[in-house]
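Participant: With the input below, show me the fold.
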Amino acid sequence: MRWDPAGYLEFHQPRGRAFHDLVARVDAQLPRRVVDLGCGPGHLTTSLAQRWPGAVIEAFDSSVEMVQQARELGLNAMLLDADEWMPLPDSDVVVCNAVLQWVPGHAELIRRWLAALPPGAWFAMQVPGNFDAPSHVLVRELASQPHWRQLMGGLRDAPVPEPVDYGELLAATGAEVDVWETTYLHRLVGSNPVLEWIKATALRPVRAALDDAQWAAFRDELAPALEAAYPQRVDGSTWFPFRRIFAVARLPEAAS
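Facilitator: Below is the predicted model of the structure:
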């Protein structure tokens, strides 16, 4: 599944807000290593280096295109799948922003990471929680039509659990846990901006399964439904509610 860094960055300000809100809850003082687990194009990773200038910044992503973009920003980004990564002994901060919704069975992965992190380490994660919103429901409904049925294997109804499930998972480690959810109300501009937004994220599995002509036909069918669900206002703007789930855990310090 190929990613388009330019398309992803088109809405970089509203997309990036959740990252900054997440990292603001991490109160690490002098971390030795800060990991951006799923760094994307790297534009947010650079803020981690600015906040913790004394730390080694470890960044990786599973997308060749995203890693290349991050390297162009001067980051030593690596090409790696999330389920292949394990913390090093000095991994004091791990940030996982809008990644785990792409990883089936990620609860077990989180348990494995937390068991390997050093005492006192911070783990911060954020995932979209809007899979029952029209932006996603309409995609699944269209993909379930007979002429698009081949797409359904790449689309899941609920790839993330509820906030309380993440809270219980993290608290089971003995960590201090902060879990919350936020529904951002993004004010977008342009023609059918919700379609443009999800083209770079939620629609990537669809794009990967179709040739150019099929992809154009799918977009043409989806566009009117999205315009009706997210109508453009008289001033040319469109409101796009977007729910996100956050969790921050600090592991217990080593016993003295």
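
Participant: part of a helix, is V35?
Facilitator: No - per DSSP: H, G, I helix; E, B strand; the rest coil, V35 lies outside any helix segment and is strand.

Participant: Quick one: residues contacting it.
Facilitator: By CB atoms under 8 Å, 6 or more residues apart in numbering, the contact set of V35 is 58-59, 87, 91, 93-95. Heads up, the C-betas are built off the backbone N, CA and C, glycines and all.

Participant: Please apply the same query to L73.
Facilitator: 41-43, 45-46.

Participant: ditto for A55
Facilitator: Applying CB under 8 Å, 6+ apart, the residues near A55 are 30-34, 48-49, 92-93.

Participant: Just give me the closest of those residues to A229.
Facilitator: Ranked by distance to A229 (CB to CB), the contacts of A55 are led by L48 at 35.4 Å.

Participant: and W122, how many neighbours?
Facilitator: W122 has 23 neighbouring residues, counting by other CB atoms under 10 Å.

Participant: next one: D165
Facilitator: 14.

Participant: That one: which element?
Facilitator: helix 163-171 (DSSP states H and E).

Participant: which parts of that helix are buried?
Facilitator: Across helix 163-171, burial judged by 16 or more other CB atoms under 10 Å covers 163, 166-167, 169-170.

Participant: which of the contacts of V35 sit farthest apart?
Facilitator: Once CB to CB is applied, the contacts of V35 give A59 and P87 as the farthest pair, at 14.0 Å.

Participant: Those two: which has the busier surroundings?
Facilitator: Shown here are A59 and P87; by other CB under 10 Å, A59 has more neighbours (28 against 21).

Participant: Chain neighbours aside, what residue packs nearest to that one?
Facilitator: C39 (3.9 Å; CB to CB, 6 or more residues apart in numbering).

Participant: Tell me who's in contact with A171.
Facilitator: 177, 249.

Participant: And the residue nearest to the spatial centre of the chain, how far from S62?
Facilitator: With distances taken as CA atoms, centre = their mean, A98 lies nearest the centre of the chain, 1.1 Å away. When distance is defined by CB to CB, to the nearest Å, A98 is 13 Å away from S62.
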